[in-house]
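In: predicted model, plus sequence, below.
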Amino acid sequence: MMATDFWIALPLLLLAVGALVTLVVGAISRNDSSGYIIAIISALGAACCTLQAPPVGMVSTLGLSSTSTVRLFTSLFCLMAAAVLVLSKEYNKHGGNRGEEYPATILFTAFGMAALASATSLLTLFLGLEAMTFGFYILVASDLKREASVETGLKYLLIGALSSAFLAFGIALIYSVSGSLAITQAMQTTLAGSSVNPVAVAGWCFLLFGMAFKLSLVPAHLWTPDVYDGTPAPVTAFLSGGSKGASLLFLLILLPQAADAGMLRLPFWWFALLSMLIGNLSALRENRIRRLLAYSSIAHMGYVALALVAGSFSGYQAAAYYAVAYGVISLAAFGAIAVMERNGCGATLDDYRGRGARNPFASGVLTLALFALAGIPPTAGFTGKFLIFAATLKSGEMTLAIIGMLTVAVSIYYYLRVISALYFNTSEQTHQDQCTIGEVVVLSIASASVVLLGLFPARLLALLTFP
Amino acid sequence: MIVPLQHVLILASLLFCLGLVCVLIWRSNIIMLLIGIEIMLNAAMLVFVGGANHWGMADGQIFALMIMAMTSTEVSLALAMVVYLYRRRKSVDVDELTNQRPLGHTEASTDTAVSQQP
């Protein structure tokens, strides 16, 4: 094992060892916060190591890749885990959810994401995705005080297990055609363009259907509102930003390796159309804020599927940019919701009336995030949508791009409904909500990145390269 | 190899369909749902082992072993949650998971549900 191998594997090692140390320390110490501190330090350390890793092009004997895209996503996942841990610390203390298992599971989940990001073989890719999903099964059900939480966890687990069965069967069929688990070779054989093998087509159908579950694309989207509504808010932030980002990365690792991905244009076309329409239209009628954001996330995954329809380099780049932007935006949105819920805010839009005066900071962050989701400049949401629609128009999908832009226009209505509830209704209470320093720092960084990513996308786009 | 790859694929697709039908039809019992998912994953393992034999490589068999490990984790997690819910509810019926709103229902239905409770 050479020194470069060690450097490439170091973030993964840090996350895994950090999780184990958190468990051991939690068993010894009576104090909950020591577990959180160790977990935050190891997540931040892993992010720093990823940024410090040797330059692109190092071929590792471990079967881990380390391109600039991989490093960008790994550090994003680690930073997101750290941010979620900071938000959870106060939220869980308030909700009475004690124990060191929670921070350790967040680290295990981040480990799965990082393993997925650096995979070069279908086996590592699949196991990384599953490791991440297992973490989420536990996190979704972690709030044992509420019976509904375990119920949500079981629902998510059954759907997740079904989707991983589809995924495993798809990968198995692709393997039986190509005879290799190496991603490059498997993609070149099964998506060759000419002389399509029917077994390979079936394999891709199963794989895409499994991924549609994970990305909550219509028609496999029904679990999303329930799960978003029933989980602790910091976990929802991680689920929405991290798990969607990692599942997108799964497709972005596979698809650019293909010789000709034209065969997948049709399924993505339908996924994009249905998700954009059904996601945005269902959100219009929704009165609970988390379910509203869940439907909005379905619509956003529809936009990303639109970028994948294009199937070109600029399409993949736009999809990757959107994955990063959506991760940061949902961290800001659900982080702000976590702060408000900790201060006793309910789940429906009515509970948010007049919150703008009671908690100006969290309301401001939530408003910025909603503006970004609606695609209003100068936020990352606007730039991402611009890149996606530009790539789609360039590839000649005029109809779908126009329908997409119309649904974006429709979506502005329900985002503004939340904002108007926050600011244009006065409440009698003059009591001010409290924010801890950690929450302020995390939410400020998230909001700053939402604006900075939108204003200066070129630096990020330069890092997103695909073979 | 005595059995051609095609036959393995046909058998595996049949198994997968049986598992899927079990999941879709036998919705009333979580244990049956889990068994259906297991059967679907077994079909995937069968394809991996058949493919590995066809190509003369071991990596497919390793993948099958990994899926075995993965399913056992999955089932242990699911059963832990089932036991927890059973202690509270005395039932393993999926249709009774209605503490949250059922899938796809709109706002109006909860309002009535809430108003009926007192």
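Out: Thanks, I have it. Numbers count the residues shown, from 1 in each chain, chains lettered A, B, ... in the order given.
In: number of nearby residues for A:Ala338?
Out: A:Ala338: 26 surrounding residues under other CB atoms under 10 Å in any protein chain shown. From N, CA and C alone the C-beta is placed, and that goes for glycine too.
In: likewise for A:Ser240?
Out: The burial count for A:Ser240: 28, using other CB under 10 Å.
In: and for B:Ser76?
Out: Other residues near B:Ser76 come to 9 when the count uses other CB under 10 Å.
In: helices and strands around the helix or strand hosting it, which ones?
Out: Using DSSP states H and E, B:Ser76 maps to helix B:59-89. Helix B:59-89 is packed against helix A:122-140, helix A:147-178, helix B:30-55, with contacts defined by 3 or more CB pairs under 8 Å, 6 or more residues apart in numbering or on different chains; DSSP states H and E.
In: save those helices as CSV, and put in mean neighbour count too.
Out: Compiled in CSV, those are given as follows (neighbours: other CB atoms under 10 Å in any protein chain shown):
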stretch, mean neighbour count
helix A:122-140, 23
helix A:147-178, 24
helix B:30-55, 22
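In: who wins for proximity to A:Gly315 among those?
Out: Smallest distance to A:Gly315 across those (CB to CB): 20.7 Å, for helix A:122-140.
In: quick one: that closest one to helix B:59-89, angle?
Out: Following axes from the mean of the first three to the mean of the last three CA atoms, to 10 degrees, one obtains 10 degrees for the angle between helix A:122-140 and helix B:59-89.
In: okay, helix A:122-140 in PDB with CA atoms only?
Out: In PDB, the C-alpha atoms belonging to helix A:122-140 read as follows (Å, rounded to 0.1, in the frame of the first residue of the first chain):
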ATOM      1  CA  LEU A 122     -20.500  -1.800  -9.200                       C
ATOM      2  CA  LEU A 123     -20.100  -3.800  -5.900                       C
ATOM      3  CA  THR A 124     -18.700  -0.800  -4.000                       C
ATOM      4  CA  LEU A 125     -21.200   1.500  -5.500                       C
ATOM      5  CA  PHE A 126     -24.100  -0.700  -4.500                       C
ATOM      6  CA  LEU A 127     -22.800  -1.400  -1.000                       C
ATOM      7  CA  GLY A 128     -22.100   2.300  -0.500                       C
ATOM      8  CA  LEU A 129     -25.700   3.200  -1.400                       C
ATOM      9  CA  GLU A 130     -27.000   0.400   0.900                       C
ATOM     10  CA  ALA A 131     -24.800   1.500   3.800                       C
ATOM     11  CA  MET A 132     -26.200   5.000   3.400                       C
ATOM     12  CA  THR A 133     -29.800   3.800   3.200                       C
ATOM     13  CA  PHE A 134     -29.400   1.600   6.300                       C
ATOM     14  CA  GLY A 135     -28.200   4.600   8.200                       C
ATOM     15  CA  PHE A 136     -31.300   6.500   7.200                       C
ATOM     16  CA  TYR A 137     -33.600   3.600   8.200                       C
ATOM     17  CA  ILE A 138     -32.300   4.000  11.700                       C
ATOM     18  CA  LEU A 139     -32.200   7.800  11.700                       C
ATOM     19  CA  VAL A 140     -35.800   8.100  10.400                       C
END
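In: how long is stretch A:451-460 end to end?
Out: Criterion CA to CA, to the nearest Å; first-to-last residue distance in stretch A:451-460 is 13 Å.
In: average pLDDT for it?
Out: The average pLDDT for stretch A:451-460 rounds to 92.
In: next: stretch A:168-178.
Out: Stretch A:168-178 comes out at a mean pLDDT of 94.
In: thinking again about what came up before, nearest to A:Leu79, out of the helices and strands packed on helix B:59-89?
Out: helix A:122-140 (15.9 Å).
In: now do the spatially closest residue to A:Ala27 that is not a sequence neighbour, the pLDDT please.
Out: Closest residue to A:Ala27 apart from its sequence neighbours, by CB to CB, 6 or more residues apart in numbering or on different chains: A:Glu100 at 7.2 Å. Reported pLDDT at A:Glu100 in the predicted model: 86.
In: contacts only, for A:Glu100.
Out: A:Thr22, A:Leu23, A:Val25, A:Gly26, A:Ala27, A:Asp32, A:Gly35 (CB atoms under 8 Å, 6 or more residues apart in numbering or on different chains).
In: pLDDT on the one helix or strand the fourth one maps to, on average?
Out: Under DSSP H and E, the secondary-structure element containing A:Gly26 is helix A:3-28. Regarding helix A:3-28, the rounded mean pLDDT is 89.
In: helices and strands around the following helix or strand past that helix, which ones?
Out: Tracing the chain C-terminally past helix A:3-28 and defining elements by DSSP H and E, one meets helix A:32-52 next. Packing partners of helix A:32-52 (3+ CB pairs under 8 Å, 6+ apart): helix A:3-28, helix A:68-95, helix A:101-117.
In: for helix A:32-52, which positions count as buried?
Out: Buried residues in helix A:32-52, defined by neighbour count with 16 or more other CB atoms under 10 Å in any protein chain shown: A:32, A:34-50.
In: which residues does the residue positioned nearest the centre of chain B contact?
Out: Note on chain B: the residue nearest the mean C-alpha position is B:Ile37, at 2.3 Å, using CA atoms, centre = their mean. Residues counted as contacts of B:Ile37 (CB under 8 Å, 6+ apart) are A:Leu158, A:Ala161, A:Leu162, A:Ala165, B:Gly19, B:Val23, B:Glu74.
In: distance of the closest residue to it other than its chain neighbours from B:Asp95?
Out: Nearest non-adjacent residue to B:Ile37, counting by CB to CB, 6+ apart: A:Ala161, 4.7 Å away. Distance, A:Ala161 to B:Asp95, by CB to CB, to the nearest Å: 18 Å.
In: next, A:Thr231: phi, psi?
Out: Main-chain torsions, A:Thr231, degrees, to the nearest 10: phi -100, psi 160.
In: please name the nearest non-neighbouring residue to it.
Out: Per CB to CB, 6+ apart, closest to A:Thr231 is A:Val140, 4.8 Å.
In: what does A:Leu248 give?
Out: A:Ala323 (4.3 Å).
In: what sits against that neighbour?
Out: A:Ala323 neighbours (CB under 8 Å, 6+ apart): A:Phe73, A:Lys244, A:Gly245, A:Leu248, A:Leu249, A:Leu252, A:Val304.
In: got any ranges where the chain has weak pLDDT?
Out: Let's take chain A. A:1, A:53-60, A:427-430, A:467 (pLDDT under 70).
In: ah, I was thinking of chain B
Out: Ranges of chain B meeting pLDDT under 70: B:1, B:96-118.
In: what sits against the closest residue to A:Phe111 other than its chain neighbours?
Out: Excluding the flanking residues, the one nearest A:Phe111 by CB to CB, 6+ apart is A:Leu15, at 4.2 Å. Counting by CB under 8 Å, 6+ apart, A:Leu15 makes contact with A:Ser42, A:Ala43, A:Ala46, A:Cys78, A:Leu107, A:Phe108, A:Ala110, A:Phe111, A:Ala114.
In: quick check: A:Leu15 vs A:Thr426, distance?
Out: Using CB to CB, we find A:Leu15 at a distance of 46 Å from A:Thr426.
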